[in-house]
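Novice: Sequence and predicted model, in that order:
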There are 2 protein chains.
Amino acid sequence: MASRTATELTHPTRAELRFTAVLAALSDPMRLAIVARLADVEPDGELACGVFQLPVSKSTQSGHFRTLREAGVIRQRDEGTRRLNRLRRTDLDELFPGLLDLAIPQGREVIAGLAG
Amino acid sequence: MASRTATELTHPTRAELRFTAVLAALSDPMRLAIVARLADVEPDGELACGVFQLPVSKSTQSGHFRTLREAGVIRQRDEGTRRLNRLRRTDLDELFPGLLDLAIPQGREVIAGLAG
DNA sequence: AGCAGATGTTCGGGAATCCTGAACATGGTG
DNA sequence: CACCATGTTCAGGATTCCCGAACATCTGCT
């Protein structure tokens, strides 16, 4: 899947990262949860889209990942049938120091709220 | 004006501030510019809505202020015919330390881009 | 008091965005 | 090859955003 032919997995370069886009990407509970789980497997840890069991439809989840990638919060690559996601920690820490450290605990709270 | 009778200027308490709402409020260039200008008159400095000369319509600007207030980023009070705005610095710093210090320079860049 | 100006808010319509189920595409497996 | 698993795309309805126009409130002037 992943339609490699159609959507070529475009990522913004570090210089192209925009604060407003990153904030917009992080301003959603589901996306915060995704970021927090990715932070738990750092560094170099990757998680497939499917392992996140969020209470939203599959297409909505797909949209969330695209939003995060186009904002530059995560990096995606295809491996076989799965799309693997990794947090762009170094880029974000360099440009917006402290932001991820603020967002990640908030994402964990979302996860706790979903489970509990 | 300010329609004191209809919309009673409701502010969230500190405990009611939500990270996602604050991030959403800060994820817009115009609102970032507002925050940066309010930061320049801290502490206890207040600015009327009208002093911000943003390239948006008056009604849009009014909506931006409401978004910021309902997210808990600013505090508003009416004085005569003007609505005065103040940054909720202590609340935000306590709950999300570093976030404003990240957002304010970004807002200044927006302002510089508008002037230049 | 009455009227005009200043400052903001609200309302209605058109544009853009978000969420979802259904259909589609691709890779792995028996 | 048939089948399943993983994700994406598409079309629709609902929500949100932006704007101009109209409205509301306060202040000042005569």
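Specialist: The structure has been received and is ready for your questions.
Novice: Counting neighbours, what do you get for the nearest residue to A:F19 once chain neighbours are set aside?
Specialist: In space, and not counting its chain neighbours, A:F19 is closest to B:Q106: 4.5 Å by Cβ to Cβ, 6 or more residues apart in numbering or on different chains. For the C-beta atoms, the positions are set from N, CA and C on the backbone; glycine is no exception. B:Q106 has 19 neighbouring residues, counting by other Cβ atoms under 10 Å in any protein chain shown.
Novice: and B:Q106, what pLDDT?
Specialist: Note for B:Q106: predicted pLDDT of 98.
Novice: Tell me who's in contact with A:D101.
Specialist: Residues in contact with A:D101 (Cβ atoms under 8 Å, 6 or more residues apart in numbering or on different chains) are B:G98.
Novice: any idea how far the residue nearest to A:F19 lies from A:L17?
Specialist: B:Q106 sits 12 Å away from A:L17, going by Cβ to Cβ, to the nearest Å.
Novice: in chain A, which spans are helices?
Specialist: For chain A, the helices defined by DSSP state H occupy A:19-26, A:29-39, A:58-71, A:89-95, A:99-115.
Novice: Relative to DNA strand C, which of those is closest?
Specialist: Among these, helix A:58-71 comes nearest to DNA strand C, with 3.0 Å by Cβ to the nearest atom of the strand.
Novice: Rebuild the helices of chain A as a markdown table, extending it with distance to A:E8.
Specialist: Listed next are the helices of chain A as a markdown table, based on distance: least, Cβ to Cβ, whole Å:
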| stretch | distance to A:E8 |
| --- | --- |
| helix A:19-26 | 19 |
| helix A:29-39 | 22 |
| helix A:58-71 | 12 |
| helix A:89-95 | 20 |
| helix A:99-115 | 27 |
